[in-house]
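1. Generate coordinates for the sequence data below:
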Amino acid sequence: MPLSTVDWPDQLAAVVFTRGCPWDCPYCHNPHLISAALDGSEPAWDEVRAFLRTRIGLLDGVVFSGGEPTVQRCLSDAMHETRAMGFEVALHTGGPSPERLNEVLPLVDWVGFDVKAPFDEYERVTRVADSGGRARASLRALVASGTPFEARTTVHPDLLDGDALNLIADELRAEGVAHWVLQPCRSEGTRERLSGARFYPGDVPEGLGDGFESFLVRG
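-> Residues are numbered from 1 along each chain as shown. Predicted coordinates:
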C-alpha cells in the first residue's frame with residue numbers, strides 16, 4: 001500500500017504486506033496472504049525497495065504487515081534496509097513466533113499487537129493448538145523491550161462475549177499493557193461467512209478499560 005494514515009497512528013506510512021501466516025482466523029481480511037506460496041502477483045523486495053526510495057522525505061515510516069511478517073526469514077534484513085533509507089519501522093503481528101519477534105524488536109519503532117482471545121482460548125479463533133502460549137510469550141517480550149505498542153482485539157460476538165473481553169482485559173493488565181484497542185469485526189471480505197451479529201461501542205462491559213493508559217473502540 002503506497003500510503004496509509006491508519007496502520008500506524010499519527011504517521012504517514014507505506015505498508016508492506018508479507019505472505020504466510022500459521023494461524024487461520026475466520027475474520028482474516030487478507031486470506032489470500034495466509035498461504036506462503038507465491039502466485040506471481042507479488043512485487044519482489046527489489047521493487048519494494050525501489051518504490052520506497054522514491055518516497056524518502058515524503059513518508060514517516062514503513063509498516064510490515066501481512067499475513068504474519070515474523071514468519072519471514074528475511075524480515076530483519078528488510079527492516080535494516082528500510083531504516084538505512086531513513087524511515088521509521090512499524091510491525092503488525094499476532095505473535096506466533098516469539099523467537100523471530102525478539103530478533104527484530106531492536107529494529108522496530110512501534111508495534112500493533114493483535115490479541116485474539118483469552119490466552120487459554122486462542123485455539124477457538126486461530127484453530128492452532130498452543131497459539132495462545134506463543135502469543136503470550138511474544139507479548140511478554142514486547143513489554144520487556146520497551147518498544148511502544150498498542151494491543152488490539154477484533155471482536156465478533158460469535159467469538160468473544162463480555163466474559164471473554166473481561167478476561168482479556170485482566171490478562172493484559174497483568175502483563176503490563178498500557179494501550180488497548182477494540183475493533184469490531186467486519187464480515188465483508190472475509191474468507192468465511194460469519195453471522196450478521198456486530199459488536200458496538202455500547203456493548204463494551206462496564207469498567208473494561210479501567211487500568212489502561214488508553215482504551216479505545218475503533219469504528
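2. what about the strands in the protein?
-> Ranges of strands within the chain are 13-17, 61-65, 88-93, 110-114, 149-155, 179-184, 214-217, based on DSSP state E.
3. Can you spell out which helices and strands pack onto the fourth one?
-> What it means is strand 110-114. Applying 3 or more Cβ pairs under 8 Å, 6 or more residues apart in numbering; DSSP states H and E, one finds that strand 110-114 contacts strand 88-93, helix 131-145, strand 149-155. Where you see a C-beta, it was placed from the backbone N, CA and C, and this is true even at glycine.
4. Now do the buried residues in the longest one.
-> Yep, that's helix 131-145 we're talking about. Within helix 131-145, the residues that qualify as buried are 131-132, 134-139, 141-143, counting by 16 or more other Cβ atoms under 10 Å.
5. Of those residues, which is the nearest to Gly176?
-> Of all these, Gly176 sits closest to Val143, with 4.8 Å by Cβ to Cβ.
6. Any stretches of this structure with poor pLDDT?
-> 1, 37-42, 187-193 (pLDDT under 70).
7. any idea what sits nearest Pro148, other than its immediate chain neighbours?
-> Trp110 (5.0 Å; Cβ to Cβ, 6 or more residues apart in numbering).
8. Show the contacting residues for the one you found.
-> By Cβ atoms under 8 Å, 6 or more residues apart in numbering, the residues touching Trp110 are 8, 11, 88, 90-91, 147-149.
9. do the same with Asp130
-> Residues Glu123 are the ones in contact with Asp130 under the rule Cβ under 8 Å, 6+ apart.
10. same thing with Val111?
-> Val111 makes contact with 90-93, 105, 142, 147-150, according to Cβ under 8 Å, 6+ apart.
11. Going through those, which ones are buried?
-> The neighbour-count test (16+ other Cβ under 10 Å) marks 90-93, 105, 142, 147, 149-150 as buried among those.
12. got JSON lines for these, with distance to Thr82 too?
-> Below are these laid out as JSON lines (distance: Cβ to Cβ, whole Å):
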{"residue": "Ala90", "distance to Thr82": "10"}
{"residue": "Leu91", "distance to Thr82": "11"}
{"residue": "His92", "distance to Thr82": "15"}
{"residue": "Thr93", "distance to Thr82": "16"}
{"residue": "Leu105", "distance to Thr82": "15"}
{"residue": "Leu142", "distance to Thr82": "19"}
{"residue": "Thr147", "distance to Thr82": "16"}
{"residue": "Phe149", "distance to Thr82": "18"}
{"residue": "Glu150", "distance to Thr82": "21"}
